[in-house]
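> fold the following for me, if possible:
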Amino acid sequence: QVQLVESGGGLVQAGGSLRLSCAASGRTFSIYNIGLGWYRQAPGKEREFVATINWSGSSTNYADSVKGRFTISRDNAKNTVYLQMNSLKPEDTAIYYCNSALRHLSWGQGTQVTVSS
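Below is the predicted model of the structure:
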């Protein structure tokens with residue numbers, strides 16, 4: 001089993017930046033060659049896709065709402081995936097989670113991102 005632990009969230013003003021990290025532990029060999037992604041859930045809303053990255057990091061995909069502002073990356077040696085978030089907006093406020101691109105891993109606790117206007 002793989003455990004995912006997200007970190008790096010916080011309170012930031014609109015226009016600010018945050019860098020989220022998601023560290024995997026346990027059977028990490030099982031995620032080495034799969035796509036990983038970031039997802040978020042705002043209060044009262046469904047969890048939604050934010051970004052995904054393939055196993056090598058050579059291909060990424062973003063939700064239209066974050067394209068040009070967020071950057072996903074991964075370090076396979078550290079079993080970690082990152083999300084650099086720039087030009088943050090109040091509508092980016094949510095709990096952010098990582099998972100596989102197929103969302104088949106157990107969800108972690110997530111990390112809260114709050115953007116004030």
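> and stretch 40-56, end to end?
Start-to-end span of stretch 40-56 (Cα to Cα, to the nearest Å) is 23 Å.
> in that stretch, what counts as buried?
For stretch 40-56, burial by neighbour count (16 or more other Cβ atoms under 10 Å) applies to 40, 47, 49, 50, 51, 52, 53. Bear in mind the C-beta positions are built from the backbone N, C-alpha and C, glycine included.
> of those residues, which belong to strands?
Counting by DSSP state E, these place 40, 49, 50, 51, 52, 53 in strands.
> which of those residues lies closest to residue 117?
Minimum distance to residue 117 across these is 18.0 Å, recorded for residue 40 (Cβ to Cβ).
> can you give me the pLDDT of that closest one?
The score at residue 40 is 98. That number is its pLDDT.
> nearest spatial neighbour of it, chain-adjacent residues omitted?
Leaving aside its chain neighbours, residue 40 sits nearest to residue 94 (3.8 Å; criterion: Cβ to Cβ, 6 or more residues apart in numbering).
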